[in-house]
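*Asks:* kindly generate the corresponding structure for this input.
(one chain, ligands or ions: 1)
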Amino acid sequence: MNYQSTRNAALTASSAEAILNGLAPDGGLYAMPALAGLDFDWKRCLTLSTQGMATEILCALLPDFTHAEMERLVRAAYTGKFETEDLTPTVPVGEDTVLELFRGPTSAFKDVALSMLPHLMTAAKKKCGVDDEILILTATSGDTGKAAMEGFCDVAGTKIIVFYPDGGVSAVQKAQMVTQGGDNTCVAAVRGNFDDAQTAVKQVFAKVGSESLLAGKGVRLSSANSINIGRLAPQVVYYFRAYADLVRRGTVAVGDRVDYVVPTGNFGDILAGYFARELGLPVGTLVCASNANNVLTDFIRTGRYDKKRPFYLTSSPSMDILVSSNLERLLFLLSGDEQLVAKLMRQLAEDGAYEVPEELKEKIQSLFWAGCCGDAETKQTIGKVWQEHHYLCDTHTAVAWNVAQQYKAANPGHAPVVVLSTASPYKFPAAVLEGLGERAEGDEFAVMEQLERLTGVSAPKNLRGLRERPVRHTTVLDREEMLPFVLKKAQEKKWF
Ligand SMILES: *Cc1c(COP(=O)(O)O)cnc(C)c1O
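*Replies:* Here you go, the predicted model:
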């Protein structure tokens, strides 16, 4: 029993159960309190291939799986699926290093985890003796939905329903989702923003659980959101990959600190950096970069989390989030106090805000630095990085790049900086083109071609030809319709 709910120490689970359940029964997240106590040979890990690193790290974080088994799952998840066998290459850009997390099947960093999760989940199902079909429910701010469907597409014994905010995703993101193939995939737009969709999905889980609405029906719900520990664990690997690359290039020696700048939404990506640190990797400061929805910037600077603020639709939509779910895990791991976490989460639900005790705030500030960047600066940054370094970055990466420069200016003693790049520029071509000072013409697909002509950087294969693919998913729902929709789909034998 390595995992427990962040809100109740009595609710424990093995790593396999935590993967199967997604969310703990009390609405808390599964966390492993003893992370730093693990005996982990991080130096040896740096000498391995990316798949080798993944096997070691995942075995440490998910101890139900044997080494040989994990090796097989990692191979099945990643071999031949990414543009390089490194999976997540690094590129020196000026005096910093960009860690490219978007070289997977859907050109977003979510691919790293969502290629792995279905394999972990089907193996976990066997381990727990569960015969039920697994129905994945996922709310997406744009990228998770597609990457999750691609990961789960036609995986036996699983089905997946994705909810995205109607009008809250880019045209390319929407096209990627509504054209999704596979007999076990389903996509619905929800009227409202991402937080509305995510909150509603959590309510569906709670209601189905508390009222046993699917009991005896041969189906059980699970989640592919970054609240699932099986999503988080695979992301730890690229912090090691990047560090090993810096060692190989002579930028650092083994043991030197490296600072990581992370474009942050739900706090999953950056929390994986904290896990890497707990496993021994010399992670220096974790820099949390936000767009105009800067609730985390304020929180890290002041200790007060306040979601009662305007919600902005920005050019970096995957970070348009005011309730960062995974922050709950950090609060738990740093305080070790699940009663405090339960209280804070209650305050967040009831009052829309909470404030952490001084001691916890200081701990957070000793590990994290935070900054934000609005849409105008994001575009300027895209242009600047292109002009100065001939490197083409997307809007999310530009937010991180901009905050990285703020961080360096404010902290002259900083370590070498790795900027995490979370999406291909071709997922947000209009905004990127405007950043280069050009006017976007025609629909997003025409703009993609325009961007290719202008920069000579070619678009990823999976995004080309998207326009011609037939639309298979057209459902639009109000939030109140989500529960009945899920119950109906759960009991349909065949979707296509
Ligand atoms: C999901 C996502 C993020 C934010 O990651 P979190 O783990 O939610 O903090 C940043 N950029 C892109 C492109 C994403 O898809």
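*Asks:* show me the contacts for the closest residue to Asn193 other than its chain neighbours.
*Replies:* Residue nearest to Asn193 in three dimensions, not counting chain neighbours: Pro165, with 5.0 Å by Cβ to Cβ, 6 or more residues apart in numbering. C-beta: built from backbone N, CA, C; applies to glycine. Going by Cβ atoms under 8 Å, 6 or more residues apart in numbering, Pro165 touches 141, 189-190, 192-194, 196-197.
*Asks:* across the sheet, point out what pairs with Pro165.
*Replies:* Val190 (DSSP bridges).
*Asks:* for the stretch 201-350 of the chain, which residues are neighbours of the ligand?
*Replies:* Within the stretch 201-350 of the chain, the positions lying close to the ligand (Cβ under 6 Å from any ligand atom) are 226, 263-269, 318-319.
*Asks:* which one of those residues has the most neighbours?
*Replies:* Most neighbours among these, by other Cβ atoms under 10 Å: Thr264, with 34 neighbours.
*Asks:* wait, that one sits on Met319?
*Replies:* Yes: with contact defined as Cβ atoms under 8 Å, Thr264 counts as touching Met319 (6.5 Å).
*Asks:* now the common contact residues for the two.
*Replies:* Ser290.
*Asks:* what's the pLDDT at the residue of the stretch 1-150 of the chain found nearest the ligand?
*Replies:* Using Cβ to the nearest ligand atom, the closest approach of the stretch 1-150 of the chain to the ligand is made by Asp143 at 3.3 Å. Per-residue pLDDT puts Asp143 at 81.
*Asks:* what's the answer for the one 10 residues further on, then?
*Replies:* Each residue has a pLDDT score; the one for Cys153 is 91.
*Asks:* from the contacts of Pro165, which land in strands?
*Replies:* Assigned to strands by DSSP state E, the following of the contacts of Pro165 qualify: 189-190.
*Asks:* nearest to the ligand among the contacts of Pro165?
*Replies:* Looking across the contacts of Pro165 and measuring by Cβ to the nearest ligand atom, the closest to the ligand is Ser141, at 6.6 Å.
*Asks:* what's the following helix or strand after the helix or strand hosting Val447?
*Replies:* Assessed by DSSP states H and E, Val447 sits inside helix 444-455. Proceeding N to C from helix 444-455, the next assigned helix or strand is strand 475-477, under DSSP H and E.
*Asks:* what's the helix or strand for the closest residue to Gly303 other than its chain neighbours?
*Replies:* Once flanking residues are discounted, Gly303 sits nearest to Lys361: 3.5 Å by Cβ to Cβ, 6+ apart. Per DSSP H and E: Lys361 is located in helix 358-367.
*Asks:* including distance to Glu434, pLDDT and secondary structure, could the residues of the stretch 201-350 of the chain next to the ligand go into TSV?
*Replies:* Shown next, in TSV, are those (distance: Cβ to Cβ, whole Å; pLDDT from 0 to 100; DSSP: H, G, I helix; E, B strand; the rest coil):
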residue	distance to Glu434	pLDDT	secondary structure
Ser226	29	76	coil
Pro263	19	98	strand
Thr264	23	97	coil
Gly265	22	93	coil
Asn266	26	92	coil
Phe267	28	96	coil
Gly268	29	95	helix
Asp269	25	97	helix
Ser318	18	88	helix
Met319	18	93	helix
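*Asks:* and Leu135, that's in a strand?
*Replies:* Yes: assessed with DSSP: H, G, I helix; E, B strand; the rest coil, Leu135 lies in a strand.
*Asks:* a strand runs through Ile161, doesn't it?
*Replies:* Yes: looking at Ile161 with three-state DSSP, it is inside a strand.
*Asks:* how close does the nearest residue to it once chain neighbours are set aside get to the ligand?
*Replies:* Distance criterion Cβ to Cβ, 6+ apart; nearest residue to Ile161, sequence neighbours excluded, is Cys186 at 4.5 Å. The spacing between Cys186 and the ligand, counted by Cβ to the nearest ligand atom, to the nearest Å, is 21 Å.
*Asks:* sorry, back to before: measure the residue nearest to Asn193 to Gly255 for me?
*Replies:* 44 Å (Cβ to Cβ, to the nearest Å).
*Asks:* cool, thanks, talk later.
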